[in-house]
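Colleague: predicted model and sequence below, questions to follow.
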Protein chains: 2
Amino acid sequence: MKTFGYFDDKNREYVITDPATPFPWINYLGNEDFFGLISNTGGGYDFYKDAKFRRITRYRYNGVPMDAGGRYFYIREEAPLSPPEGGTIDPSAKTIEAPSGAVGGAPACIWSPGWKPCKTALDSYECRHGMNYTRITGSKNGVEASVLFFVPLKTWAEVQKLTLTNKSGETKRLKLFSFTEWCLWNAATDMENFQRNWSTGEVEIEKAPLSPPEGGTIDPSASKTIEAPSGAVGGATTIYHKTEYKERRNHYAYYALTNAEAQGFDTDRESFIGLYSDFSNPQCVMAGKPSNSVAHGWSPIASHYVEVELQPGESKDFIFVLGYAENEQEKKFETQASLSSPEGKAPLSSPEGDTIDPSASKTIEAPSGAVGGALLTSLGSLDRTIINKEKAHAVIARFSTVEAVDAAFEELCQMWDGLLSKFTVESGNERLDRMVNIWNQYQCMITFCFSRSASFFESGVGRGMGFRDSNQDLVGFVHQIPSRARQRIIDIASTQFPDGGCYHQYQPLTKRGNNDIGGGFNDDPCWLIFGTVAYIKETGDFSILDEMVPFDNQPGTEVTLFEHLRISFDHVVNNLGPHALPLIGRADWNDCLNLNCFSWDPNESFQTTENNSEGSKAESLMIAGLFVLTGKQYVELCRELGKRSDGAAAYAKANGEGSDGAAAYTEEADRAQGCIDAMVEVVKKHGWDGEWYLRAYDFYGNKIGSKECEEGKIFIESQGFCTMAGIGLEDGMVDKALDSCKKYLDCEHGMVLNNPAFTRYYVEMGEISSYPAGYKENAGIFCHNNPWVIIGETVARRGNDAWEHYTKICPAWIKDQQLHKVEPYVYCQMVAGKDAAKPGEGKNSWLTGTAAWNWLTVTQYILGIRPTFDGLEIDPCIPSTLTEYKVHRVLRDAEFEIMVKNPDGKESGVTSITLDGKTVERDRAIPATPGKHTVEVIM
Amino acid sequence: MKTFGYFDDKNREYVITDPATPFPWINYLGNEDFFGLISNTGGGYDFYKDAKFRRITRYRYNGVPMDAGGRYFYIREEAPLSPPEGGTIDPSAKTIEAPSGAVGGAPACIWSPGWKPCKTALDSYECRHGMNYTRITGSKNGVEASVLFFVPLKTWAEVQKLTLTNKSGETKRLKLFSFTEWCLWNAATDMENFQRNWSTGEVEIEKAPLSPPEGGTIDPSASKTIEAPSGAVGGATTIYHKTEYKERRNHYAYYALTNAEAQGFDTDRESFIGLYSDFSNPQCVMAGKPSNSVAHGWSPIASHYVEVELQPGESKDFIFVLGYAENEQEKKFETQASLSSPEGKAPLSSPEGDTIDPSASKTIEAPSGAVGGALLTSLGSLDRTIINKEKAHAVIARFSTVEAVDAAFEELCQMWDGLLSKFTVESGNERLDRMVNIWNQYQCMITFCFSRSASFFESGVGRGMGFRDSNQDLVGFVHQIPSRARQRIIDIASTQFPDGGCYHQYQPLTKRGNNDIGGGFNDDPCWLIFGTVAYIKETGDFSILDEMVPFDNQPGTEVTLFEHLRISFDHVVNNLGPHALPLIGRADWNDCLNLNCFSWDPNESFQTTENNSEGSKAESLMIAGLFVLTGKQYVELCRELGKRSDGAAAYAKANGEGSDGAAAYTEEADRAQGCIDAMVEVVKKHGWDGEWYLRAYDFYGNKIGSKECEEGKIFIESQGFCTMAGIGLEDGMVDKALDSCKKYLDCEHGMVLNNPAFTRYYVEMGEISSYPAGYKENAGIFCHNNPWVIIGETVARRGNDAWEHYTKICPAWIKDQQLHKVEPYVYCQMVAGKDAAKPGEGKNSWLTGTAAWNWLTVTQYILGIRPTFDGLEIDPCIPSTLTEYKVHRVLRDAEFEIMVKNPDGKESGVTSITLDGKTVERDRAIPATPGKHTVEVIM
C-alpha cells in the first residue's frame, strides 16, 4: 500500500517523503500569540491571535490547485544542465527559453525546496513536521535547500532559516526569490470587498545596515537609512506591509532578510507573478530578475531577490523573519527628524503658504530595473505615513545571526521537552507510545491554541471559542500548562448567565459571548463542571473555586466559581421535560440534532433558529448521561470540599464567618446526589430501549434512536455517556449497550454516530439529516465520541474491546494513507462511515475534541493513570496481550515512575500496588507527595 | 500604443483580439432572473436573482492567476503535429508525453477556444462582447471552435452553442471536455464553511434520449431512463447539482449536452483536475479520458466528454445548457413508479420488516473507465432523494436543436433592437454615437439588473440594493423599460420610514430594508424625488403617485407615493444644522465622508458607526445643492399636479371629495419654493468660500472644502450639485466654481474628487482620509460625479467645457488601454487621480451610478433632448465644432426624428424649432402626441 511518510519517534517528527500527499498535510507553528499553519510543501498562512481579524498573510481555501499560496522559495540555476553521462535531461525540470534575441542564453532550472509551487521534480524531498516547527528539504542538481520554519518563544514572528548547500563538485550560481502575500488584516473582508481593498494596499521597503558596531549593540532607532551603501554586506532588506496603518490600524507586518544583502525585491503581486502566471511560474522568476515593484493598491506581496554563489561543498544560511508589530497611537509614526535624506532625494515638504502643488506629493518609485537600490516608497509623504519601525528592527536584529536563530530553536525544543515530560509511556508497542508520548499530546496543545478556528478545514473566519469545546479541550492540556488552563476556565465561566445557561461561543480577542450564536445548548453548563474538576484533580488548586467570576462579563455580577458550578448543575435540574429527562434546548453535544428548529428555509441556521421552543418536550439522553457523569464529579467535589479546611474556609468567606462550610458542602453533596439518583431512575425507566439507550425524545414526545424508528435506530452519544456514567451497570444495561454499539455502529474504521443513516430530511431532527448518509453527524465515524464508548468499555471492565475500538480510530494504526487522505499523525473529527461512498476517508483533521477525549481515554481509562483530588489512582483496563508498561507521570510536585505488570494477561483489575517499595492500601490514591517516587502495580 | 480590441458598432460589439488583456474584460448575460458574468476568456459565474444566496457556479475572486474558473472547453487533438514545411513546432502548444509504456503514442495538442485556461498559443482568437451575449472564437491547427454564450429570454439557463469547424484538408479527431464547477448555493458560506461543505456535495447523472417522437413533441416526464441505449443518438447527458436538495433547498442546477451523445463525464473536481493540477491542465484532459467520477462531498463539478470526428470542411454544433430550476415542495422528488430499472441494476428498495441492512444503501458508481454508461448516482436511495427533473427536461428539450437556439438568440437580439431604439443619435462623431447608441445604454441596463452586487470588483456577497443607487440608476434605464422602473420606485419607497428617512440598502430577494446598514444617510430621501420625477417625465404616468406604499414594508402603514415624496422633501427641511444647512447624518452621497463617526477601531464600519451623532453640527453643502435641485423638481411636480385634472382627482381621493386639489398643490408648491429660496440664501451666505462652494461643516462647525483647510480645500460634489441647482448663477458663483474645478480638480483623465488629497487620517472626516492619496474618494477621479460638474457647465451654457470634461472620462475616448486596465467600453467608478502612483489606472468598472449620470448628461444636457411632463424640451449645449446631429427619440407613444443644426458654431441656444414643419413657440415643450414626428432645431 502506498505510503507518503513515516514516524521518526526519536526526533518527535513525522517525515513526509512524497510531496504529493493525498491532501495537504499540515503542521502548526507558534503556541502563544503568533501562529502559522504550514503544509508539507510550505503552503499556509500566519496570523496574530485571531485568524479572522489579524490575518497576516493571505491564503485561499479550496483553491485550484489546493493549497496554493504560502511561504515560498524559488531557486533558479542559470547554468546549463548537462545530461548525466549516458543519460537524458529530466523532462519535468522547468526549463525556460532564453530571452528572445539573447546570445548564448542557456536554459534555466527553477525549483522549490518543497516541490510546490514549482513542482519541478526534485532529486530528493523530505518534510519533517515536528513540535511547532517544520523542516522542508529538497535538492536538485547537486544543490540542497533546507528550510526550518518556527516561531521563537515570546516572539511575534515566524523565522525561516534557509540553508543552501552545494553538494556538487562545481561552483553553483543561484538566484533565490522569497515570496509571501499579505492579507489585508481582516480575513473575511479581504476576500469580499475588492472595490475598496484593491485601492488601499501600501508598503514600505527598507534596506538598512544592521551589523552591530564593533563590541557594541545595535541601536534599533538608528537603522533607518533609506538606501544601503552600495556593496554593503549584512544589511537587512525588509518589506513592510502597512495597509490602513495610516488610519486606524496600529499594527504592521514585515518580511525581512536579516543576514544577507538582497539585490532586489518585489512588493506588487502582478508585477512579480503576472496576471496570467501563477505561483508555479512567476514572471520575475521566469525572467530571472526582480522588478523592484512598489505596491500601490491591488495585492501587496513581499519577495526578496538574492544572488548566491556556492563553491563545491559550501553552505550558506539565509534568515528570513516574517513578523508583526503593534505601536502605541502616539508612537505610530517616524518622527520627521529621523528621516534622513539621501543625497539628491530630499523629501518634498509642503511649500509655505496656502497652495499645495498636488503633483509634488507623488510617490517616487525605485528606478525600473535597478538592483540593490531599495527606496522608501513614500519619500514625498508627510511623516504621519511612515511607520515607526523600532519594534521590527529589534526583532530583526535579534534574529540576524545563525547562532541566535539556532539558540531560539533550541529553546523551543526544550519547552517541548518540558511539556511532553509530564506523561510518558513505554509499553513495547511503538504505536501506542508515539501517540501517548508525542502526537496525542501535541494535538491537544494545538486544539488549546486554536480551538476550532484555523485549520485546512476551518477557514479562520467563522467560529469563536466554544464553551463546550474549550472545556473538553482542557482535559487534553491541563497537565502540560495548568496556569493557562486556569485562565481558560475563568474566561469560559465569565460568559455564563445567572441561570446557569451560557453563550455557546465566545470571541478570543474580546472574551465576550458571541451574540450571533447566543445560548440555549443545554449540555453546555455541565461541561464547566467537567473542565473545572479536571483542572483541580490535576493541580490540587482548589483556590480556583474562590475566584470571583462575573455573569456575561458584566462587572458587579461576580460570584465564586464554585457558585457557577452549582448553577451549572442546577441548570439541568431546572430544565427537565415531560419524562423528567433534560430538555435539549437548541441542541446538546450534537449541534446537528436540532429538535426545536423545524426549518424549511435554507437561509436559516439550524443552530440559531428555534421555531418551536415554546412548549417543547424535546429531551436528551446524552445530557442525562452527561449530567449523571459530571454530577458525580460535582458531588465528589462537594464532599472533598467538606473534608478540606480550604473548602470550608471558602464557604465561610462566601457565607460569613461562623457558617459551617463542611456541613454545608455535605448537604449540597447529598442534595445533588439525590438529583443524580433520580435521573438514573428516569433513564432506566424512560431512556432504555431494550438493547441500548434511547437518544432523545423529539418535540412531539416521539422516540429518537429506538428500534421503533425507521432510520437512526441507535445513536452513539447516549451509549457513550450513559455507559461512562455507569447507568444500569448492575442491571446489565451497560454491557448490552456496548454490545449493541459493536453490532450496529462499529465497522473496520470505527463506530458510526448513528445507524441506519438518514436517507432523507427529517424536519423534526434538523441538520443531522441534512448530510449525505455516512458523512459527518449522519452516520459518519465521529472520532470525537468513539472514546466515550471506549471509556464505557472500561467501566464494563472490557479491556480487549476498549483496545480494539481505540486502535481503529487511532492515527498510529492507519493502514491506508491514500484512503485516509488527511494527516496520519493526528486525529480527524470525522471519518466517512460504512454508509458512505468511500468508507474510511478522513476529514476535518486537527481541531477536534477527539484529541482531548482520546488523551483522557488512553491515559486515564486504558493505561488507567488517573489523577484524583488526593493524588493518583491506578486502574488499568488494557488488552490482555499487554504484559507490562512503564509510565512516567509528573503530578503537581511529584514525579512518579510507574511500572504496571500484567503477568496473567488480564484485561483489568489490580492485585497490588507498592509506592516507593511500600504497599498501598486498596482504593487509596497514591498521594502527590513532592519528590520522585517509584510505583509498582501488579494486575 | 498597444490595443487589445476595437468597437464593432454595426454589430454592437466590442471585439477583443488579444486574450491577455490588462485585466479580465467582462460582459453580462441575462437581464431578468438568471444572470452570468463572463470574461473574455470564458471566466466568471452564473447566479439566479441574488449573487449571494443563489450562486450557481463557483468563482474565486482575487485568484492567482486572476480569473481562474468559469465555463471552459478543452479540445484535445491526438494527431501528431507535423511541423509546417521548413518550420518548427510552436513550443507554446501544450504537448504531453505519451503514456509510459505506450507504443506509437503521439503527443497531443490541448487548447481552449478562449486561450485560457490552457493558454496554448492559438492560431486565431477573438472575443465579441455584445448585448447580453458573448462569442469567443479560437482556432488551432486547422480547427476553429466558436462558442456563443447567452441567456435566452424568460429562461433560467445559460445556453452555450459550441461550433467546431474543420478548416483543414484532413480528417480531424478531437476529444472535447466541457467544464464548470458548482457553487454550494450560498456564495458566502461556500468560501468559509469547509468543515460542512466538503461533506455535503451531491450530484445525479442522467443520460436520456430526447428526440421527439416523429411528428410529435417530447413528453418531459418520459425522459428519465437511467441509461441510454448504447449507440443512441441525440440523447442528452445531464449532470445535476443537488447539494442540500434533499433537505431545505427546493432548487437544483444542471449542465446538459442537449444535442449529442457524451461518451463520458466527470462530477468530482479532484477526479477531473487532480489535487496538484489546475484549470490549465486537468489530469483527465491530460490523460485524454474522463474518469466518470461521481461526486460525494468535496467539490462537485460538471464535465462532459465527447469524441468528435470532423471531415475536411465539416462543422458540428454542440449545445450545452447550464440551468437552474425550482420545484414546489410537494413535487420535489421523483415518484417511485417512474424510476425505471435498467436490466440487472434494479434499485435497492428497503427490505420488508424492521432492519435495514446499511450496506444496501450504498451508492453504485459507474464502473471505472466505462464509456457511454452514465448511471444515476443514487440507485439505492429512496425516491425522496431523487430530483423530479421535469422542469430541467423541458428546458433541455427546448434547446436541443440548433434551430431553436438560433431562434432564441435572434429573439434576444430583437429585444435589444427594441431597447436601443428609444434613443439614437447620428452626430458624425463615431465615439459619441457608439456611447449614446450602444454602450452607455447597455451599461445602464446592466446597473439596473445588478445594482452594485456582482462584478469583477463586487464579489456578490456584500451589498444589497442602495436606496440612493437605485434612484440614480433609474434615470439611465427608465426610457428602455418604464414598467420595471415603476416597480423599482415602489420597492424603494416601501423601505422609507414615516419621518422621510430610509434604509440605505434593501435586499433584492426580500425587498426588505437591510438592518445591518440601517439608515441615517441624509441625502437618501431627496433621491426618491429625483427618480420618481424622472419616471413621470419619461412616461407621463402620474398614476404612480396614487400608489399606496407602506413604510418599512409594514402592512397597514400605506400612504400615497406622493406623500412619500412630500416627507422626503421635508426630511431635509426638518433636519437642518446650526447654519440652517442640511445635517449630513452618517454620510451624504459620499459614503466615505463620515463626519459623525470618529472611529479609532479598525473593526468598526465607517458607515454604520456613529460615535458622535448627538448634538452633531455636521452639515452638507452637497445635500443643500441636491435639495435645491430636487426641490425644484418637487415644486414643478406640485404645480403640474395643480394644473392637471388627474392630480386634483388624486388629491381629492386622498383628502375626501370636494377638497380642492388644484389649490392644495399650488399651496404646497409655494411652501416648498419658500424652503428652497431659503436654502439658496443660506448656501450663498454660509456655503460660499470665495472661489467655490464649501463641502461641509464638520462636527465642530469647522469648514470642510475651504481654502482655509490644509488638505481637501475643494471638493467636487458641492460644486456639482450647487452649479446644477444654479445657486448663485446670477452672482457669478456658478462660473467661478466651474473655473475652480478646472483649475484645481481637473487633469488629463478627468476631475478628481478633492484637492489636495489627504495624506493622513482625519478622524473627524472618516473613511475618505483612509485611502491612499489619489484613490477612490480620496482624490480619485470618481467618474460618477464628473457629470454633475458637466451638467453645471451646461447650466452656465459652456458647451465646449462640458464637452471637454465629458470626453475625458468617456470610455470611447480612452487613449491608453494598458494604463486604463479595465474594460474600454464601459465606465468605471474610479480612475486613479493625479496624486496617485499611476494616474489614469481604472478600477471598479461596470456597476456604478456613473453610467446613469453620464447618460442623463449626454442626452438631456449636452444633446439637450429632455423629457418634460408635457413632452420634449430641446436645449443643446454642445461643442462649437459640432455642426449638426440627428436624434431619434421615442417618448411614450410619440416617435421623433430630431435634426439639430448648428450653422454658426454655437455652444448653446436655440433660434428656432419646427415640429412637423410648424414653428414651435419658444419655451414650449414639444408635445408627445402619438405618432411619428419630425423636429428641426436651429441653434
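Modeller: Thanks, I have it.

Colleague: what about A:Trp688, distance to B:Asn250?
Modeller: From A:Trp688 across to B:Asn250, the span is 40 Å (Cβ to Cβ, to the nearest Å). In this view, the C-beta of every residue, glycine as well, is placed from N, C-alpha and C.

Colleague: and those two? which has more neighbours close in?
Modeller: Set A:Trp688 next to B:Asn250 and count neighbours by other Cβ atoms under 10 Å in any protein chain shown: A:Trp688 wins out with 19 against 15.

Colleague: how about the residues of the stretch 151-300 of chain A near chain B?
Modeller: Counting by Cβ under 8 Å from any Cβ of the partner chain, the residues of the stretch 151-300 of chain A close to chain B are A:185-186, A:188, A:191-196, A:198-200, A:202, A:244, A:246-249, A:269, A:273-279, A:294, A:296-297, A:299.

Colleague: out of these, which sit inside helices?
Modeller: Cross-referencing these against helices under DSSP state H gives A:188, A:194-196, A:269, A:273.

Colleague: enumerate the residues of the stretch 501-650 of chain A near chain B.
Modeller: A:599-604.

Colleague: weed out the non-buried ones from those.
Modeller: Neighbour counting by 16 or more other Cβ atoms under 10 Å in any protein chain shown classes A:599, A:602 among these as buried.

Colleague: count of neighbours near A:Gln673?
Modeller: A:Gln673: 17 neighbours (other Cβ under 10 Å).

Colleague: separation between it and chain B?
Modeller: A:Gln673 sits 39 Å away from chain B, going by Cβ to the nearest Cβ, to the nearest Å.

Colleague: so which strand or helix has that residue?
Modeller: Per DSSP states H and E, A:Gln673 falls inside helix A:661-686.

Colleague: could you do A:Trp527 as well?
Modeller: helix A:524-539.

Colleague: returning to that earlier point: of the residues of the stretch 501-650 of chain A next to chain B, closest to chain B?
Modeller: Of all those, chain B sits closest to A:Pro602, with 4.2 Å by Cβ to the nearest Cβ.

Colleague: the closest one: what's it in contact with?
Modeller: B:185-186, B:244, B:247-249 (Cβ atoms under 8 Å, 6 or more residues apart in numbering or on different chains).

Colleague: switch the cut-off to 7 Å
Modeller: Shown in contact with A:Pro602 (Cβ atoms under 7 Å, 6 or more residues apart in numbering or on different chains): B:244, B:248-249.

Colleague: now A:Trp855
Modeller: Contact analysis of A:Trp855 by Cβ under 7 Å, 6+ apart lists A:440-441, A:444, A:476.

Colleague: switch the cut-off to 10 Å
Modeller: A:423, A:435-436, A:440-441, A:443-444, A:473, A:475-477, A:479, A:787, A:827 (Cβ atoms under 10 Å, 6 or more residues apart in numbering or on different chains).

Colleague: mark which of those residues are part of strands, please.
Modeller: Among those, the residues falling in strands (DSSP state E) are A:Phe423.

Colleague: which parts of the stretch 401-550 of chain A are helices?
Modeller: For the stretch 401-550 of chain A, applying DSSP state H, counting those that start in this stretch gives helices covering A:402-419, A:430-434, A:440-450, A:467-477, A:482-493, A:524-539.

Colleague: now the end-to-end length of stretch A:806-820.
Modeller: 17 Å (Cα to Cα, to the nearest Å).

Colleague: first-to-last residue distance for stretch A:835-850?
Modeller: End-to-end distance of stretch A:835-850: 21 Å, with Cα to Cα as the criterion.
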